[in-house]
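1. mind looking at a prediction? Sequence and model below.
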Amino acid sequence: MTVDPALAELSDTLFSASVAVYSAAVVAFCAQLAFGRRPARQLVAAGTGGDAPVAGDGAATAGPAPAGRASRWGAVGLALTVVGALVHAGVLVTRGLATDRLPWGNMYEFATAVVLVGVVSFVVLAVRVPGARDIGAYVLAVVVLAQVAIGLFLYAEAGPLVAALRSSWLAVHVSSAVLGFGVFFVSGIASALYLLRLRHDAGGGDAGSVLARLPGAVTLDRVAHRTAVFGFPIWTFAVIAGAIWAESAWGRFWGWDPKETWAFIAWVVYAGYLHARTTAGWRGRPAAWVNVVGLGVMVFNLLYVNMVSTGLHSYAGLD
């Protein structure tokens, strides 16, 4: 199979352009935080120890974005995020056209696709829940850092798939893994911000600080939970599809390969998070920590298994 060098070069150029556009979006969202209206002081239900804000928080912080300059900067940030996502999608489309295959056959392509799904998930949330735009600066900052790290450490030249990945199951198993991971990406960030917001409110933090301008803890917890609920069945399907592909390729459904093991661990952690959200004593801060650990496991699975461990799933594509 030949690679179209012009399209491959265009893909690389679009990758750099996406980082630039996302960086501009971070600046716009930071301006929104700087000029935004200070949220009402968050109330905490008696006896919760600061872990379970009352419903008034959601009402105070999940409404329309602040008027004036903050609203305009938030709209600019969201518009730039949409433009960045389109450019980002162009990275994968041109890479796929250049190689005449699905563009997630190595770590560079897989991680790039995961971040794109995370950005799209945030955009959907920002449109449906205007208050969620206040986390734009944090989400896009992580996106920029992730993109820079991907470009610096995971980049691989456009080329054909390794023999083991030349299967129709690539479109099923890997695509669902990309979707699940991308949604969990946003969920984990929301839980981390929820923990920061709880710590700020419990400590009587400065009302004019950046953290005070975050959506209330109830809103952040709701975002984390809903995205995890959406991502969990997708990840479950990815694990099942991977097992079916393994039986077709290697003659067994499960062999406790490092990638399989950590994918299952991630599934258990997210199942634990969703269960913890309904269990007395685990709601609030403890459940949020489980969600953050889940994101850590996903990142560990992506980086460690492909770059350090040896196994049947080591398709990093790195030199």
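-> Cool, the structure landed. Here the structure is a predicted model, which means the values were calculated and not measured.
2. where does the stretch 1-150 of the chain have low pLDDT?
-> 1, 36-70 (pLDDT under 70).
3. quick one, helices of it?
-> Taking DSSP state H, counting those that start in this stretch as the criterion, the stretch 1-150 of the chain contains helices spanning 5-35, 55-61, 69-99, 107-128, 136-149.
4. could I get those helices as CSV with mean neighbour count and distance to Val290?
-> Where you see a C-beta, it was placed from the backbone N, CA and C, and this is true even at glycine. Shown next, in CSV, are the helices of the stretch 1-150 of the chain (neighbours: other Cβ atoms under 10 Å; distance: least, Cβ to Cβ, whole Å):
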stretch, mean neighbour count, distance to Val290
helix 5-35, 19, 28
helix 55-61, 18, 21
helix 69-99, 20, 28
helix 107-128, 22, 19
helix 136-149, 21, 19
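5. is Trp256 in a helix, a strand, or coil?
-> Following DSSP: H, G, I helix; E, B strand; the rest coil, the label given to Trp256 is coil.
6. which parts of stretch 210-224 are buried?
-> Across stretch 210-224, burial judged by 16 or more other Cβ atoms under 10 Å covers 212-224.
7. ends of that stretch, how far apart?
-> Chord length of stretch 210-224, first to last residue, is 20 Å (Cα to Cα, to the nearest Å).
8. mean confidence (pLDDT) on it, please.
-> Per-residue pLDDT over stretch 210-224 has a mean of 85.
9. please state the offset of it from the chain centre?
-> 17 Å (Cα atoms, centre = their mean, to the nearest Å).
10. how close does Thr278 get to Ala287?
-> From Thr278 over to Ala287 the distance is 9 Å, taken as Cβ to Cβ, to the nearest Å.
11. more neighbours: these two, which one.
-> Ala287 (26 against 9; other Cβ atoms under 10 Å).
12. would you confirm that that one contacts Tyr273?
-> Yes. Taking contacts as Cβ atoms under 8 Å, Ala287 lies within contact range of Tyr273: 6.0 Å.
13. residues shared between the contacts of these two?
-> Here Ala287 and Tyr273 share no contacting residue, scored by Cβ atoms under 8 Å, 6 or more residues apart in numbering.
14. ignoring the adjacent residues along the chain, who's closest to the residue nearest to the spatial centre of the chain?
-> Nearest residue to the geometric centre of the chain (Cα atoms, centre = their mean): Phe185, 2.0 Å. In space, and not counting its chain neighbours, Phe185 is closest to Gly118: 3.7 Å by Cβ to Cβ, 6 or more residues apart in numbering.
15. so how far is the helix or strand containing Leu303 off the chain centroid?
-> Following DSSP states H and E, one finds Leu303 within helix 285-307. Relative to its chain's centre, helix 285-307 lies at 11 Å (Cα atoms, centre = their mean).
16. make 222 the first number, not 1, from now on.
-> Shifting the count to begin at 222 puts that one at helix 506-528.
17. can you list the weak-confidence ranges in the stretch 372-521 of the chain?
-> Looking at the stretch 372-521 of the chain by pLDDT under 70, you get 384-385, 425-430, 470.
18. and the lengthiest helix in the chain, what's buried?
-> In the chain, with assignment by DSSP state H, the single longest helix is helix 438-471. The neighbour-count check on helix 438-471 (16+ other Cβ under 10 Å) flags 438-449, 451-453, 455-456, 458-460, 462-464, 466-467 as buried.
19. what sits against the closest residue in space to Phe451 that isn't next to it in sequence?
-> Excluding the flanking residues, the one nearest Phe451 by Cβ to Cβ, 6+ apart is Val404, at 5.6 Å. Each residue near Val404 by Cβ under 8 Å, 6+ apart is listed here: Val338, Gly339, Ser342, Thr448, Ala449, Phe451, Gly452, Ile455.
20. part of a helix, is Val404?
-> Yes. Counting by three-state DSSP, Val404 is located in a helix.
21. what about it, distance to Arg473?
-> Applying Cβ to Cβ to Val404 and Arg473 gives a distance of 29 Å.
22. swap in Thr500?
-> For Thr500 relative to Arg473 (Cβ to Cβ), the value is 35 Å.
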